[in-house]
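Novice: Sequence first, predicted coordinates after that:
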Amino acid sequence: MTSILETVEVFFRYPGTSIEALRSLTLHIPEKKKTAICGHNGSGKSTLFLHAIGIHAPTSGNVLWKNTPLSYKRKELTQLRQQIGLVFQDPEQQLILNTPYEDVSYGLRNAGIPEPEIKLRTVKMLQSMRLEHLAHTPIHHLSLGQKKRVALAGVLVLEPELLLLDEPTAYLDRISEQQLLEELERIHSRGMTLAMATHDMNLAYAWADWMLIMNEGQCVMEGTPDEIFSRTDAITALGLDTPMLLDIWNALPESVRGDLRPPKNIEAFKQLFGSIF
Ligand SMILES: Nc1ncnc2c1ncn2[C@@H]1O[C@H](COP(=O)(O)OP(=O)(O)OP(=O)(O)O)[C@@H](O)[C@H]1O
Ligand SMILES: [Mg+2]
């Protein structure tokens, strides 16, 4: 597996704190895959993402983008941030302009896209995030979930090579989550690499094709969701949940499960059930 982003023995401590937020963190984000990064609160997921785009630099160790260590020079960081898009955990940190329309078009304008194309792409993006009716509403009038969708739209519209999503589904209702996942499917099929930090193990199980588990600033497990969740004891010991569908599946008698592969989502579960009973 080729990695698009890598950290090698990265240590990092926030100024004025005594605990290492990242402790000898070595991990790879594989190119073209959908990677879920899981770990309990404070395990270092957001800090990792802030290292990926050079907002923070390691105290020691290296962050590599396509096998080259980040240089932290201003010009190269600007280029890097056109290739890597980060949707922050907190949308308030991301949104800088007055309205969703202004915010989503801002990045395109900065990237030197011609004005007619900016208009087209902005309108299309706002539509696909169900935000067109709020396009000109002041951002401070929006709900948290709506702000989150604006922040997502502002990064998605730039079509980076690697998209980092920090808890993208937090505050989203079911329909918005579904629409986000459909949008992610579309951009992934066009070749974008995706990595998502999430606490939602049901989502990680259904969505990811690769998983990284973080604990206390280290990457402690990596593998496919099937490999990760076959180690139930290790997952539970880290204070993480196992996916509900997998729990239900494992609770079925061996004679029913046979050598069928466990279903990843409710539709697959219903289909399998239909074929069993
Ligand atoms: N701005 C900050 N200043 C000081 N310490 C921080 C700051 N941000 C994070 N930390 C510390 O760094 C460690 C890693 O935090 P981080 O936010 O990366 O974790 P996380 O895995 O993203 O957690 P969560 O699941 O809650 O989002 C924690 O111990 C946290 O207290
Ligand atoms: Mg976080």
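Specialist: Received, thanks. Numbering: from 1, shown residues only. Ligands and ions are numbered 1, 2, ... in the order given.

Novice: Could you pull out the helices in this structure for me?
Specialist: 45-52, 74-83, 100-110, 115-128, 144-156, 174-189, 201-207, 225-229, 232-237, 244-251, 254-257, 266-276 (DSSP state H).

Novice: Please name every helix or strand in contact with the first one.
Specialist: Pointing back at helix 45-52 there. strand 3-12, strand 22-30, strand 34-38, strand 60-65, strand 84-87, strand 162-166, strand 193-197 (3 or more CB pairs under 8 Å, 6 or more residues apart in numbering; DSSP states H and E). From N, CA and C alone the C-beta is placed, and that goes for glycine too.

Novice: picking that back up, can I get the helices of the chain in a markdown table with mean neighbour count and mean pLDDT?
Specialist: Output for the helices of the chain, formatted as a markdown table (neighbours: other CB atoms under 10 Å; pLDDT from 0 to 100):
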| stretch | mean neighbour count | mean pLDDT |
| --- | --- | --- |
| helix 45-52 | 23 | 98 |
| helix 74-83 | 13 | 93 |
| helix 100-110 | 20 | 94 |
| helix 115-128 | 16 | 95 |
| helix 144-156 | 23 | 92 |
| helix 174-189 | 14 | 90 |
| helix 201-207 | 21 | 95 |
| helix 225-229 | 19 | 96 |
| helix 232-237 | 12 | 94 |
| helix 244-251 | 14 | 91 |
| helix 254-257 | 10 | 85 |
| helix 266-276 | 12 | 80 |
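
Novice: Kindly state the domain boundaries assigned to this structure.
Specialist: Domain assignment for the chain by automatic domain parsing gives 3-242, 243-277.

Novice: wait, which of those is closest to ligand 1?
Specialist: domain 3-242 (3.3 Å; CB to the nearest ligand atom).

Novice: Any idea how far apart the tips of the closest one sit?
Specialist: 27 Å (CA to CA, to the nearest Å).

Novice: same thing with stretch 58-78?
Specialist: Stretch 58-78: ends 18 Å apart by CA to CA.

Novice: And Ile29, how close does it get to Met1?
Specialist: To Met1, Ile29 is 10 Å away according to CB to CB, to the nearest Å.
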